[in-house]
Every structure is written in C-alpha cells, then in structure tokens.
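Participant: structure here, sequence nowhere to be found:
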C-alpha cells in the first residue's frame, strides 16, 4: 500500500464522515470512525491485504468505511444480508434493503461498488456451503451484525474465524446492547470454548477480535494510540476499553 493510497483512504473516510455517514440509515457510533483509521494504520504496518466482509449490512452505514480501506488490487468484498427476505429475520434485528444498499454504494462507496459481491441470504447457511469464494482472498476485516440470537452470533463468529485473514480483525456489533443480550451470551459462549480469535477492544457498542497470534501486536497499537484507554478482562482475555 503506497503513501498515496493511504492518503486517499483518509480523504475518503473524512468525506464520508462529513456527508454520507449522516445520510445512510443505520446504527453506528461515529466514534468508531477514528478506530477504523487506527485499525487501517495497524494493518498497513503489518502488511495485511484483502477485502472486507460484513454480515448484516442494512443500508451500508458501516460497510462503506470498511470497504474504503480496500485498495483496488486487494480482492473482492462481500456484503451479506437477508435484505427483503424478512421471514427469516426471527429476532427482527434490522430490516435491510438491497435497493437502498445499492444506492449507498453508488453515492458513497470509494469504488462505486465495483469490488462488492452482494449476497442475499441467511448467514448461518454459509458455513455449510462452498467457502472457497471467501478463502481465496481472506477478508482482512469482518463485521458481524446479523441475527442477534445466541445461535446466530455463535455461528457467525465461527464462520468469521474460519475465513479471516491470519492477521485480520472481526467487529461484533451490539456487544453491550441491553435489547440484544443474545449477542453478549453468544460471544461469551464462543470465548469460553477457547477459540483462536481473542477480544482486543470493547467500546462504542462493538467488540473487536483478532487472531491469537497477533493479539499482542494489536493490543500494543491500541494502547499506544488511545491514551486514557483502560485494560479490562473478558472471559480471561485482556482487552482495551476507551476512556470514558
């Protein structure tokens, strides 16, 4: 990744923060955008390349800044949602629209959606299908914001673990949302099984997990660039929470 592409990413994110973020419907804390800058900087230093993948894109409010991190030659990105098939949305979490997502890509995506593969369907079925389309170029960032039941959360985290870049990162949404306690229970169940993804950051309604082999590197970077952050423990793992 060249300095010029790094500058382009920052300009794209700043432009989106000032315009598109306010216009695309969704439930994303704006304080996550600086965290994405830090994450991108950390992954650039670690030479991590690949596309991104999000389960539960809704209209694309979080997917857009994630995909802005992807350079044209890095590989495809994947956007997965039930979209109009709301009969499968058993917990009524979100109500995605394929048309509105396509419009968000047209208006605000760095690539105009050219690198995006949109998949309409139930994410719990992905682990039982052909995974090679995801593993051919492992995603460097995965966002899990699909079904909010224990079962959906556990299934989506296991799927993310199986296909993630070996130095990538996973965002889990609604980790401390009292209306969606299935996410927290699912995350705890996952962590108690001693997985290879370890939590490294919690804040702004997201939990970030990274492969155990690079957990120390991510944690050191976060502690360096987030002054005032506090080390906390979850299921025996050390992770950082931002200053109050």
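Facilitator: Looks like it arrived, so ask away. In this text, all values refer to a predicted model and were calculated from it rather than measured experimentally. Residues are numbered from 1 along each chain as shown.

Participant: give me the residues contacting the lowest-mean-pLDDT helix or strand in the chain.
Facilitator: The weakest-scoring helix or strand in the chain, judged by mean pLDDT, DSSP states H and E, is helix 132-135 (a mean of 74). The contact list for helix 132-135, computed with C-beta atoms under 8 Å, 6 or more residues apart in numbering, reads 53, 78, 117, 126, 162, 163. C-beta coordinates here come from the backbone N, C-alpha and C atoms, glycine included.

Participant: for the last one, grab the count of nearby residues.
Facilitator: The one in question is residue 163. 20 (other C-beta atoms under 10 Å).

Participant: make a markdown table from the contacts of helix 132-135 and add distance to residue 8, pLDDT and secondary structure to it.
Facilitator: Listed next are those as a markdown table, based on distance: C-beta to C-beta, whole Å; pLDDT from 0 to 100; DSSP: H, G, I helix; E, B strand; the rest coil:
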| residue | distance to residue 8 | pLDDT | secondary structure |
| --- | --- | --- | --- |
| 53 | 22 | 97 | strand |
| 78 | 22 | 95 | strand |
| 117 | 22 | 94 | strand |
| 126 | 31 | 73 | helix |
| 162 | 31 | 92 | helix |
| 163 | 27 | 94 | helix |
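
Participant: for these, which entry has the maximal number of neighbours?
Facilitator: Among the contacts of helix 132-135, residue 53 has the most neighbours (other C-beta under 10 Å), with 31 neighbours.

Participant: from the centroid of the chain, which residue is nearest?
Facilitator: Geometric centre of the chain, nearest residue: residue 143, 2.2 Å, by C-alpha atoms, centre = their mean.

Participant: thinking again about what came up before, buried ones in the least confident helix or strand of the chain?
Facilitator: By neighbour count on 16 or more other C-beta atoms under 10 Å, the buried set for helix 132-135 is residue 134.

Participant: likewise stretch 54-68?
Facilitator: Buried residues in stretch 54-68 (16+ other C-beta under 10 Å): 54-68.

Participant: who does the biggest helix by length in the chain touch, helix- and strand-wise?
Facilitator: In the chain, with assignment by DSSP state H, the single longest helix is helix 3-18. Identification of packing neighbours for helix 3-18 by 3 or more C-beta pairs under 8 Å, 6 or more residues apart in numbering; DSSP states H and E yields helix 32-45, helix 63-68.

Participant: ok, which of those helices comes nearest residue 174?
Facilitator: helix 32-45 (12.9 Å; C-beta to C-beta).

Participant: between helix 3-18 and the closest one, find me the angle.
Facilitator: 170 degrees (axes from the mean of the first three to the mean of the last three C-alpha atoms, to 10 degrees).

Participant: got the contact list for helix 32-45?
Facilitator: 1, 6, 9-10, 13, 17, 21, 62, 65-66, 69, 140-141, 167-169, 201, 203-204, 206, 208, 217-218, 221-222, 225-226.

Participant: same thing but 7 Å
Facilitator: Residues outside helix 32-45 that contact it (C-beta atoms under 7 Å, 6 or more residues apart in numbering): 1, 6, 9-10, 13, 17, 65, 69, 140, 169, 204, 206, 218, 221-222, 225.

Participant: what stretches of this protein score poorly on pLDDT?
Facilitator: Scanning the chain for pLDDT under 70 picks out 1-6, 84-96, 127-132.

Participant: just give the number of residues close to residue 142.
Facilitator: When neighbours are counted by other C-beta under 10 Å, residue 142 registers 28.

Participant: in three-state terms, label it for me.
Facilitator: strand (DSSP: H, G, I helix; E, B strand; the rest coil).

Participant: who touches it in this structure?
Facilitator: Contacts of residue 142 (C-beta under 7 Å, 6+ apart): 53, 160, 164, 168, 170.

Participant: quick one: which of those is most hemmed in?
Facilitator: Neighbour counts for the contacts of residue 142 (other C-beta under 10 Å) peak at residue 53, which has 31 neighbours.
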